[in-house]
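> below are the sequence and a predicted model; questions follow.
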2 protein chains.
Amino acid sequence: MTAEIISGTEISKAILAEIKQEVAEMKAKTGKVPGLVTILVGENPASISYVTLKVRTALDLGFNEIQDNQPADISEADLLALIDRYNNDPEIHGILVQLPLPKHVDEKKVLNAINPDKDVDAFHPVNVGRLMIGGDEVRFLPCTPAGIQELIVRSGTETKGAEVVVVGRSNIVGKPIAMMMAQKGVGANSTVTIVHTGTKNLAAHCKRADILIVAAGVPNLVKPEWIKPGSTVIDVGVNRVGKNEQTGKAILKGDVDFDKAKEIAGKITPVPGGVGPMTICMLMRNTLRSAQKSI
Amino acid sequence: MTAEIISGTEISKAILAEIKQEVAEMKAKTGKVPGLVTILVGENPASISYVTLKVRTALDLGFNEIQDNQPADISEADLLALIDRYNNDPEIHGILVQLPLPKHVDEKKVLNAINPDKDVDAFHPVNVGRLMIGGDEVRFLPCTPAGIQELIVRSGTETKGAEVVVVGRSNIVGKPIAMMMAQKGVGANSTVTIVHTGTKNLAAHCKRADILIVAAGVPNLVKPEWIKPGSTVIDVGVNRVGKNEQTGKAILKGDVDFDKAKEIAGKITPVPGGVGPMTICMLMRNTLRSAQKSI
C-alpha cells in the first residue's frame, strides 16, 4: 500500500488563504492590517531571495510590509536603534532580521533586542522559555515546528497518546517540536522520545514511532525498515545531493528514503513540498496573531 | 542484590562544603561574598519555615544574607519597587521571592520582574529559554533538576547514550530535566523519553530505562517489575501518606515502591533523604555562580 502524501504545498496554500481572509476581516472591522518589517543588512544573494519571498507573501496577504534594507557597514548601535524604533512603532506587529548579519555586528545582541512580543520568528530566549512553560504563556511558536504540528493535525493523525520519536536535537526544530508534542493540548499530548547522534539504538526507537519526525540533516538516514507500518513520517531534512544537469538546479533529498518509505508509512511528507513551504506560512500567521493581540 | 543508596543527604553536605570553601576563597581574594535576599510577604507558617532554612544555610556558607520580611498588605507596586531596588544593588547576586504571595499581588508579574541574571530559582521565562537553548546560553539551572543531575553524576551513573525515561511533565521538574539530559555535555547526552498521564504504555517505557526519573506525585506509581535490573532510579516524589501516631510527623513516600525497587535497581534514591536536600543546595550554588560572574 502506498502512503498518503502530506502536501505542505497544498496545506500551506490553504492556510495562507485562511490568513488572507482574516486580514480582510480585520481591515473591514478596524481599518488596520498586520504590520511586518523585514530588515536586510547588506546584499547577500541568498538573503535577498529569502526576504523577497517573505515580502511578496506578506504583500499578497494584505499586510503592511516594510522592507528596510540597510548597508553592510551599518554600525551595531544604529541597527539596535532601528530595532528600538520598530519595537515602539504601534503599526508594526512583527520584526524580522534576516541572518546572517555582517561580522562586526553581534547577531545575538541584535536578535535579543527585538521586543519578544514582536519576535515572530520566536527565537528570543523569552519566547523559547514561554514555549517550554506552555499553555497560556505561549505567544509565538517557532515557525518550522509550528508547521510540522500543523501538518500532523491537518493530515488527521491522532497525537494523543501517540508515540512520537524526534530525530535530532537542534534549537530550530528538534528540541522545540519535542517539547510541543509532549505538552497537553490539541495536536499534542504525545509520548515523546528525542534521539540524536549520542543515541545507541536509533533503529529500534524509529521502529516504535507512530509519528516519526526526522530533522537530522543527513540524507537517507532513516531506512525503510525503520518505519512502523502505517505511521506518519515527517521529513524535515533538506539536503542538496547533486545538481540537475539540464536545469542546473540543486537536487534535494530528505533525511528519509522517501521512495521506499512511502510503501510502508501510512502518511508521509515529500521533500521538497512537505515541511518547507510551511515555515513562511507560520511566520505570516504569527504576525497576524500578534496584530490581533494588539489591535 | 540490594541497590546502592544514593544519599542526597550526604551528597548535599559534600556540595555545601565545596560551596563554603569557594566562598571563603572569594572572600580572601576579593573581600566580597555572595549576596542573597529572601523576600517573605506575610506570615504563612510553611513559608516562614522554608525561608528560615534558606537563611540559615546561606549564613552558614558565609553569604551576605538579607531577610526582607514585608507585611501581607504590601501593594504590588511597592513589591515591584523593592525588587527593582535589589535588581540594581551590586551587592545582591540572587533574589528569592517566597511563594505563595497574597492574592492581591500578581505572582507572575512579580517573578518576571526579577532580573534574570539574579533569578537563582531559574523560573523566569528567560532562564527557561536559556536552559532549552543550552550550551553557553545557560546562566542558572532550576534547582531540583540541577540536583537530580548532580545525584546521577556523583553516583557514577553513565549518562552518555543512556536511555533516560522521565515520568511527569511539570515545569518544575519533568520538562527541564528531560531537556537537560537530552542535550550535549557532562552528565547528559542521553536518549530521553518523557512519559505522562497521556502515555499508553507507561510500564514498557519504564522497563527500558537505564535511568528512571520519577516526578509524578503519585505514591508507589512505579511498580518494582517496571524497573530495569541494575538501572539508576531517581525518585522525586514526596507524598504525605499518613502520620506517625507517636511523633505526629507526616509519613513521606516517593513515587516508587522503594523497599521492593531497591532489590532490582542498581542505584536508587530514598524518600526522604534523596532529591529533597539537593534543591536548596543548588540554590546556594546558583547564588555563588552569580556572584562569581559579577565580582
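Looks like it came in fine.

> OK, contacts around A:Glu150?
Contact analysis of A:Glu150 by C-beta atoms under 8 Å, 6 or more residues apart in numbering or on different chains lists A:Ile11, A:Ile15, A:Gly187, A:Met278, A:Met282. (C-beta placed from N, C-alpha, C; glycine too.)

> wait, which of the residues you listed is closest to chain B?
A:Gly187 (12.7 Å; C-beta to the nearest C-beta).

> wait, doesn't the closest one sit right on A:Val153?
Yes. Here A:Gly187 lies in contact with A:Val153, judged by C-beta atoms under 8 Å, at a distance of 4.2 Å.

> what do these two both touch?
A:Thr159.

> more neighbours: which of the two?
Comparing A:Gly187 with A:Val153 by neighbour count (other C-beta atoms under 10 Å in any protein chain shown), the higher total belongs to A:Gly187, at 19 against 15.

> and that one, how far from A:Lys175?
Note on A:Gly187: its distance to A:Lys175, by C-beta to C-beta, to the nearest Å, is 18 Å.

> please apply the same query to A:Glu137.
Taking C-beta to C-beta as the measure, A:Glu137 falls 17 Å from A:Lys175.

> ok, the two, which is more surrounded?
The neighbour count for A:Glu137 versus A:Lys175, taken as other C-beta under 10 Å, is higher for A:Lys175 (26 against 15).

> helix, strand, or coil at that one?
helix (DSSP: H, G, I helix; E, B strand; the rest coil).

> for it, which residues are in contact?
A:Arg169, A:Ile194, B:Met132, B:Gly134, B:Met179, B:Ala182.

> strands of the stretch 51-200 of chain A, start to end?
Remark: strands assigned in the stretch 51-200 of chain A by DSSP state E, counting those that start in this stretch are A:64-70, A:94-97, A:163-167, A:191-195.

> can you redo these as a markdown table with mean neighbour count?
Formatted as a markdown table, these follow (neighbours: other C-beta atoms under 10 Å in any protein chain shown):
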| stretch | mean neighbour count |
| --- | --- |
| strand A:64-70 | 16 |
| strand A:94-97 | 26 |
| strand A:163-167 | 28 |
| strand A:191-195 | 27 |
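
> adding distance to B:Gln149, write the ones you listed out as CSV.
Shown next, in CSV, are the strands of the stretch 51-200 of chain A (distance: least, C-beta to C-beta, whole Å):
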stretch, distance to B:Gln149
strand A:64-70, 43
strand A:94-97, 35
strand A:163-167, 21
strand A:191-195, 16
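
> save the ones you listed as a markdown table, and put in distance to chain B and mean pLDDT too.
Converted to a markdown table, the strands of the stretch 51-200 of chain A look like this (distance: least, C-beta to the nearest C-beta, whole Å; pLDDT from 0 to 100):
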| stretch | distance to chain B | mean pLDDT |
| --- | --- | --- |
| strand A:64-70 | 26 | 97 |
| strand A:94-97 | 17 | 98 |
| strand A:163-167 | 8 | 98 |
| strand A:191-195 | 4 | 98 |
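
> among the ones you listed, which comes closest to B:Leu36?
For B:Leu36, the closest of these is strand A:191-195, at 34.8 Å, according to C-beta to C-beta.

> ok, residues contacting the very next helix or strand once past the closest one?
The helix or strand immediately downstream of strand A:191-195 is helix A:202-207, counting by DSSP states H and E. For helix A:202-207, contacts defined as C-beta under 8 Å, 6+ apart pick out A:165, A:167, A:193, A:195, A:199, A:212, A:222-223, A:225-228, B:191.

> pLDDT of helix A:202-207, averaged?
The pLDDT scores in helix A:202-207 average 98.

> tell me the buried residues in that helix?
For helix A:202-207, the neighbour count (16 or more other C-beta atoms under 10 Å in any protein chain shown) marks A:Leu202, A:His205, A:Cys206, A:Lys207 as buried.

> and if you look at stretch A:261-281?
Quick answer for stretch A:261-281 (16+ other C-beta under 10 Å): A:261-262, A:264-271, A:273-281.

> so of the contacts of A:Glu150, which ones are in helices?
A:Ile11, A:Ile15, A:Met278, A:Met282 (DSSP state H).

> ok, now which ones touch the second one?
When contacts are counted by C-beta under 8 Å, 6+ apart, A:Ile15 touches A:Glu150, A:Met278, A:Cys281, A:Arg285.

> spit out the contact partners of the last one.
With contact set as C-beta under 8 Å, 6+ apart, A:Arg285 has these partners: A:Ile15, A:Ile19, A:Ala146.

> host element of it?
helix A:276-294.

> and that helix, how far out from the chain's middle?
From the chain centre to the centre of helix A:276-294 is a distance of 10 Å (C-alpha atoms, centre = their mean, to the nearest Å).

> what's the answer for stretch A:65-77, then?
24 Å.

> how far does it stretch from one end to the other?
24 Å (C-alpha to C-alpha, to the nearest Å).

> in chain A, which spans are helices?
A:8-30, A:45-61, A:76-87, A:107-113, A:125-133, A:143-154, A:174-182, A:202-207, A:258-261, A:276-294.

> for A:Pro142, see how far away A:Asp121 is.
Taking C-beta to C-beta, one finds A:Asp121 at 7 Å from A:Pro142.

> so which of these two has more stuff around it?
A:Pro142 (26 against 21).

> with adjacent residues omitted, what lies nearest to A:Gly237?
A:Asp255 (3.2 Å; C-beta to C-beta, 6 or more residues apart in numbering or on different chains).

> surely the one you found and A:Asn239 touch.
Yes. At 7.2 Å, A:Asp255 counts as touching A:Asn239 under the criterion of C-beta under 8 Å.

> shared neighbours, these two?
Shared contacts of A:Asp255 and A:Asn239 (C-beta under 8 Å, 6+ apart): A:Gly217, A:Val218, A:Pro219.

> which of those sits closest to B:Pro71?
For the shared contacts of A:Asp255 and A:Asn239, the minimum distance to B:Pro71 (C-beta to C-beta) is 57.2 Å, reached by A:Gly217.

> my read: that closest one touches A:Gly237, true?
Yes. Using C-beta under 8 Å, A:Gly217 is in contact with A:Gly237, at 5.7 Å.

> can you pull the residues that touch both of the two?
Overlap of the contact sets of A:Gly217 and A:Gly237 (by C-beta under 8 Å, 6+ apart) consists of A:Asp255.

> between the two, which one's more packed in?
Just comparing A:Gly217 and A:Gly237: by other C-beta under 10 Å the higher neighbour count belongs to A:Gly237, 24 against 16.

> got the phi and psi for that one?
phi -70, psi 140 (degrees, to the nearest 10).

> A:Val236 too?
phi -90, psi -10.

> I figured it hits A:Val218, correct?
No. With contact defined as C-beta under 8 Å, A:Val236 does not reach A:Val218; the gap is 11.4 Å.

> so what's in contact with these two at the same time?
A:Asp255.

> who are the contact partners of the most centrally placed residue in chain A?
Central residue of chain A (C-alpha atoms, centre = their mean): A:Thr144, 1.7 Å from the mean position. Neighbouring residues of A:Thr144 by C-beta under 8 Å, 6+ apart: A:Ile172, A:Val173, A:Ile177, A:Val236, A:Val275, A:Met278, A:Thr279, A:Met282.
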